[in-house]
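Build me a model:
(chains A and B)
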Protein chains: 2
Amino acid sequence: MGLVVQKYGGSSVADAEGIKRVAKRIVETKKAGHQVVVVVSAMGDTTDELIDLAEQVSPIPTGRELDMLLTSGERISMALLAMAIKKLGHEALSFTGSQAGVITDAVHNKARIIDVTPGRIQEAVDKGAIAIVAGFQGVSQDSKDITTLGRGGSDTTAVALAVALEAEVCEIYTDVDGVFTADPRVVKKARKIDRIPYEDMLELATSGSKVLLHRCVEYARRYNMPIHVRSSFSGHSGTWVGNISEGAEGMEHAIISGVAHDVSEAKITVVGVPDKPGEAAAIFRAIADAEINIDMVVQNVSAAATGLTDISFTLPKTDGHRAMELLTKAQPSIGFESLRYDDQVGKISLVGAGMRSHPGVTATFFEALSDSGVNIELISTSEIRISVVTREDVVKDAVGAVHTAFGLDSDSDEAVVYGGTGR
Amino acid sequence: MGLVVQKYGGSSVADAEGIKRVAKRIVETKKAGHQVVVVVSAMGDTTDELIDLAEQVSPIPTGRELDMLLTSGERISMALLAMAIKKLGHEALSFTGSQAGVITDAVHNKARIIDVTPGRIQEAVDKGAIAIVAGFQGVSQDSKDITTLGRGGSDTTAVALAVALEAEVCEIYTDVDGVFTADPRVVKKARKIDRIPYEDMLELATSGSKVLLHRCVEYARRYNMPIHVRSSFSGHSGTWVGNISEGAEGMEHAIISGVAHDVSEAKITVVGVPDKPGEAAAIFRAIADAEINIDMVVQNVSAAATGLTDISFTLPKTDGHRAMELLTKAQPSIGFESLRYDDQVGKISLVGAGMRSHPGVTATFFEALSDSGVNIELISTSEIRISVVTREDVVKDAVGAVHTAFGLDSDSDEAVVYGGTGR
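Now for the predicted structure:
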C-alpha cells in the first residue's frame, strides 16, 4: 500500500481531546500498512486570536511579521499531534513548512507555492515514522523569510505535498461528511456526493460551497491527484474529487452535482454609462487596481435614444465600501450618471458538467425559481454552471426549490425529465 | 555609539499594552543613536500554558516535539513586537533562533549554545533596522532540528548574541529595578546594587537570587560582556554586572554584595553509613545517574564506637521523592541504616568577593543568626560565600537580621566593624 497524505483542519484539532482522536485515526491508517504524512492546521480559533492580538498592537500589521506570528499556530498543533501519536507507540516527527520544503514566492499573507522539495519528509516516512507537517506555511525562495499561503492554505499544502510525494490520495478531513448537493444547514434533504469531477468542484467552490477552496482543487486537477473529503468525527467514506469522465462513469455520474448559494456578495450598478469603447474598461480598471475581485458582470443593452447603458457587477461585501469610494472618485473622468449599492442580494448557482450534454437544464432551473416566486436580477453562465442573483431573503427557499426540481433530495427517487429547447 | 542588545522577559511583554511600552523604549534607544538588537521571551504565561497543553496530550512529551511546541511562544511575542515598532515608524525585522544563527547541540529542552553566526542580524542592523530575535531557542548543528535552551535561556541568548555582535552592553530588562542586597519582598530595607562583580553575581544566582541565572552570567564572564539588569517599567539605571576588580574600585566596592535565600530545597540524611571508602560515592552515583543535582553535602565525623557516619545533602524539593525512591532501592547494596527526608528547610547565603580580604565576616554572620535565635543545621562555604541550612519558618527573620548586621539596610549609614580571628 502506498503513501497517504491526510489533512486535518482546525475544528478537528480544537483541543487536547480532538488531537488525541485525530492521533488515533492516523495510527489506524499507519497500521493498515500505509505510509502516512499529515498536514495540520492551527487549533480551533488560534489564527483568529493571533490576528486580534496583532490588531491590538498595530492596526495594519505588516506582511512579514504577520506571517511570523500566524505560523506559530500550526507549530503548536503539529507538535502536540506528534506527541499524541508517540504516546500511542508510533514514531512521529513534526516539520515546519520550511523544513518540509514548501518553497513559495515572497508575497506575504498570500504566498503561492513555487516548488515542494520534501526530502526530509520522504526520509522520515522511509524510516517508518509518521510525518506531521504544518499547513498554510512555507519559506520564500530568495529571502528565506517565513510566508503563509492565505486562508485555507492548509488544503493546498496537503495537495502539493501529495503531488510531490506521489501519494495515492490526499484525504482532507473536516467536520462534515463530505461535499453535499446543497448546504445541509439550508436544505434538509441535501445528499452527500460520493464522486464529483474536478471541474464541478471548482465551480461549486467559486459559487459559495466552503468545503474545499478553488485553489486547492485547481492544484489537484493540474496534477490529477485524487482528493477524498471526509469527516474526522466518523469513519464513513466521504466525497471523492477526481478525474471522472462522463462517458466512462455512465449512469453513475449525475447530470447536476449540486446547488450552491452565496450571500457574502454585494451588487453595484453603475447607471448611465456612455455606450462607447473603453468605458467598461475604465470602470473595472479602477476596481482591479485596488485588488478587489469582482464576480458577475452584466451590461444592459443601451437605450438608443440616450446612448447610455447600465453596468452591474457583484463583489465581496467586505470590499463594497472601498469600491464605492473608488468609483465615486473616478466618476468625473469616466462620466457615468450615478452609482447604486445593494448588499441585500444572494447568488444561487446550479453546477454540473452533465448539463453540457443535457438540454433543458436552464429551463427547469428558471421554472423552479419562478414557481417559488423568485425574481431574477442578474444571470451569468459558464459551460457547466448557471448562476442568478436575487434578493437575499429568498435565497434559502430558492435553493430548496431548485434542489427538489433536479431530483437531488435525498429521499427522492424521481428522475427528472428535461424537455424544451435546451439551454 | 555602538550596538546594544536588549532582552525583555515574559512579564514585560505580557499583553498588547506591555508590547507597545517595550516598543517605545526600544525606539528611544534607537533614536539615541544606537544599533539595537532585541531578544524577547514568550508573552507572560504562554510557556506554562503550552506545557499544560502538552501534558494533556501526553504525560511525558518527547524533547524534539516539546521544543517545536514551546518555540511558538517567542514567535508570537517577537512578531507582535516588530509590528509595534513599525507602527512607531521604525523598521523592525523578527528572526527565529535558527534565522539568527543560534547553533546548539542536539540535547532537546536544555540545549547548549555551540556557536552564534548572526549574519542576518548584522545585515539587518547595518541597514538601519531593529532586529528582534526569539530568545530561548536555536537549531541543532547536525540534525537541523529546533532546540530550546531550557528555562531562562533567553538571557543566555541575549548575552551570546551580544558577544557575537561585539555589543557595548547586554541590557536585561525585567520587572524589578535590578539586583538587590536581599529579596525586597522579604527584606523591606533591601537596597539596589549599582555594580556587582561577575563572581558575586554567580554565587547569588546559585544561592536563590532569581534575577539572573548562573549560566547567563557565566557566559558573560567568559567573554567579559557587561550586563545591565534594569526595569522595563521605569527609566532608572539598574545593576551593572561586570569585571570589577577589588583594588581598582577601592572604597566603592562593597565587602558584601548581598544575602540570598532559597526555600526550594529539601534535605536528605542518610543515617548510619559504614565509614569506609566508596560509600559516599555509591550514594551520590545513584543520585547523579538520575540527573538530580545536589547542592550542599555534609558528612559528620564518624562515631568511633560504631564506625558509622551520617551524610546529609540538599537537593531541589521537586526531585526529593525520586531521590528517596532511588536510595531506598540502593539501600541493600550500600548498606546504610535509614533515610530521613525533610522539606521544611531553608538556606541563607552571604555573598561577597570582599570577604576574602576581610576577616571576621563568618563570625558576624553566625552572631547575627544566633542573636535572632536561628539554629544552624548545615554549613557550607566557598571563598566568597557562606551558606547555612536552617528551619524554613525562620528564614525570613534570619535574612533580615544578617542584612542589618552587615550594614546593607538602605537607610543605614553605619559601617560594620569586623573583629575577631577571621573566617
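
Spell out which residues of the stretch 1-150 of chain A are next to chain B.
Taking Cβ under 8 Å from any Cβ of the partner chain as the contact definition, the stretch 1-150 of chain A meets chain B at A:16, A:19-20, A:50, A:53-54, A:56-59, A:61-62, A:64-66, A:68-69, A:71-73, A:75-76, A:78-80, A:82-84, A:86-87, A:92-94, A:96, A:99, A:144, A:146. All C-beta atoms are positioned from the backbone trio N, CA, C, and that covers glycine.

for the helix or strand harbouring residue A:215, which positions count as buried?
Element membership for residue A:215 (DSSP states H and E) is helix A:214-223. Judged by neighbour count using 16 or more other Cβ atoms under 10 Å in any protein chain shown, the buried positions of helix A:214-223 are A:214, A:215, A:216, A:217, A:219, A:220, A:221.

picking that back up, if any of the residues of the stretch 1-150 of chain A next to chain B are buried, put those into a PyMOL selection.
To isolate the buried members of the residues of the stretch 1-150 of chain A next to chain B in PyMOL, using 16+ other Cβ under 10 Å:
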select buried, chain A and resi 16+19+20+50+53+54+56+57+58+61+62+64+65+66+68+69+71+72+73+75+76+78+79+80+82+83+84+86+87+92+93+94+96+99+146
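
tell me which element residue A:314 falls in.
Using DSSP H and E, residue A:314 sits within strand A:308-316.

mean confidence score for the helix holding residue A:215?
Averaged across helix A:214-223, the pLDDT comes to 94.

Output it as CSV, nothing but the C-alphas.
Extracted C-alpha coordinates of helix A:214-223, given in CSV (Å, rounded to 0.1, in the frame of the first residue of the first chain):
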residue,chain,number,x,y,z
HIS,A,214,-10.8,26.7,-5.6
ARG,A,215,-7.1,26.9,-5.3
CYS,A,216,-6.6,23.5,-3.8
VAL,A,217,-8.9,21.8,-6.3
GLU,A,218,-7.2,23.5,-9.2
TYR,A,219,-3.8,22.3,-7.9
ALA,A,220,-5.2,18.7,-7.6
ARG,A,221,-6.7,18.8,-11.1
ARG,A,222,-3.4,20.1,-12.7
TYR,A,223,-1.6,17.0,-11.3
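
other SSEs contacting that helix?
Contacts defined by 3 or more Cβ pairs under 8 Å, 6 or more residues apart in numbering or on different chains; DSSP states H and E place helix A:214-223 against helix A:153-164, helix A:198-206, strand A:227-231.

orientation of the first one relative to strand A:227-231 in degrees?
Between the axis of helix A:153-164 and that of strand A:227-231 there is an angle of 140 degrees, by axes from the mean of the first three to the mean of the last three Cα atoms, to 10 degrees.

Please work out which residues outside helix A:153-164 touch it.
A:5-7, A:9, A:37, A:39-41, A:74, A:97, A:100-102, A:113, A:116-118, A:121, A:133-138, A:149, A:167, A:169-170, A:172, A:212-213, A:215-216, A:219-220, A:223, A:225, A:227 (Cβ atoms under 8 Å, 6 or more residues apart in numbering or on different chains).

Residue A:338 contacts residue A:271, correct?
Yes. Using Cβ atoms under 8 Å, residue A:338 makes contact with residue A:271 at a distance of 4.7 Å.

near chain B, which residues of the stretch 151-300 of chain A?
Close to chain B, as judged by Cβ under 8 Å from any Cβ, the stretch 151-300 of chain A has no residues.

So, low pLDDT: which residues of the stretch 151-300 of chain A?
Applying pLDDT under 70 to the stretch 151-300 of chain A picks out residues A:245-254.

can you pull out the strands in the stretch 101-250 of chain A?
A:102-104, A:113-116, A:130-134, A:137-140, A:146-148, A:169-174, A:195-197, A:227-231, A:239-242 (DSSP state E, counting those that start in this stretch).

how close does the residue of chain A positioned farthest from its centre get to residue A:334?
The C-alpha centroid of chain A is most remote from residue A:305, which lies 44.3 Å away (Cα atoms, centre = their mean). Between residue A:305 and residue A:334 the distance is 21 Å, computed by Cβ to Cβ, to the nearest Å.

cool, and residue A:220?
41 Å.

what does residue A:204 give?
Distance, residue A:204 to residue A:334, using Cβ to Cβ: 35 Å.

More neighbours: which of those two?
A direct count of neighbours by other Cβ atoms under 10 Å in any protein chain shown for residue A:204 and residue A:334 places residue A:204 higher, at 30 against 18.

In the stretch 101-250 of chain A, which residue sits nearest chain B?
residue A:144 (7.5 Å; Cβ to the nearest Cβ).

ok, that residue touching residue B:99?
Yes. In this structure residue A:144 lies within contact range of residue B:99 using Cβ under 8 Å: 7.5 Å.

Residue A:408: what's it in contact with?
If you count contacts by Cβ under 8 Å, 6+ apart, residue A:408 has them with A:181, A:182, A:189, A:190, A:191, A:256, A:258, A:259.

quick one: which of these has the most company?
Neighbour counts for the contacts of residue A:408, by other Cβ under 10 Å, peak at residue A:259, which reaches 33 neighbours.

and it, that's in a helix?
No. The assignment for residue A:259, made by DSSP: H, G, I helix; E, B strand; the rest coil, is strand rather than a helix.

any idea of the mean pLDDT for stretch A:85-104?
The average pLDDT within stretch A:85-104 is 96.

Between the contacts of residue A:408, which sits nearest residue B:345?
Among these, residue A:190 lies closest to residue B:345 (Cβ to Cβ), at 69.6 Å.

Quick check: the closest one touching residue A:179?
No. The criterion here is Cβ under 8 Å, and residue A:190 misses it with residue A:179 at 10.0 Å.

what number of residues lie near the closest residue to chain B within the stretch 251-400 of chain A?
As assessed by Cβ to the nearest Cβ, chain B sits closest to residue A:291 within the stretch 251-400 of chain A, at 21.3 Å. Residue A:291: 8 surrounding residues under other Cβ under 10 Å.

Now do the contacts for it.
Applying Cβ under 8 Å, 6+ apart, no residues contact residue A:291.

which stretch of helix or strand covers it?
Counting by DSSP H and E, there is no helix or strand that carries residue A:291.

Phi first, then psi, for it.
Note on residue A:291: its backbone torsions stand at phi 60, psi 40 [degrees, to the nearest 10].

Not counting its own residues, what contacts the helix holding residue A:215?
Applying Cβ under 8 Å, 6+ apart, the contact partners of helix A:214-223 are A:113, A:152, A:155-156, A:158-160, A:163, A:170, A:172, A:198-199, A:201-202, A:205-206, A:225-227, A:241, A:243.

which parts of stretch A:263-281 are buried?
A:263, A:265-270, A:272-275, A:279-280.

cool, stretch A:279-298 as well?
A:279, A:280, A:283, A:286, A:287, A:292, A:294, A:295, A:296, A:298.

Which is the succeeding secondary structure element to the helix or strand in which residue A:363 is found?
Using DSSP H and E, the element containing residue A:363 is helix A:361-371. The helix or strand immediately downstream of helix A:361-371 is strand A:378-382, counting by DSSP H and E.

That following strand pairs with which strands, parallel or anti?
strand A:385-391 (antiparallel) (DSSP bridges).

For the strand it pairs with, list every residue counted as buried.
A:385, A:386, A:387, A:388, A:389, A:390.

Report the distance from that strand to the chain centre.
Relative to its parent chain, strand A:385-391 has a centroid offset of 18 Å by Cα atoms, centre = their mean, to the nearest Å.

can you dump the C-alpha coordinates of it into PDB?
These are the backbone C-alpha positions of strand A:385-391, laid out as PDB (Å, rounded to 0.1, in the frame of the first residue of the first chain):
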ATOM      1  CA  ARG A 385     -22.900  26.400 -14.300                       C
ATOM      2  CA  ILE A 386     -25.800  28.800 -14.200                       C
ATOM      3  CA  SER A 387     -25.900  31.500 -11.600                       C
ATOM      4  CA  VAL A 388     -28.600  34.000 -10.800                       C
ATOM      5  CA  VAL A 389     -28.600  37.000  -8.400                       C
ATOM      6  CA  THR A 390     -31.800  37.600  -6.400                       C
ATOM      7  CA  ARG A 391     -33.000  39.100  -3.100                       C
END
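
Thanks a lot, catch you later.
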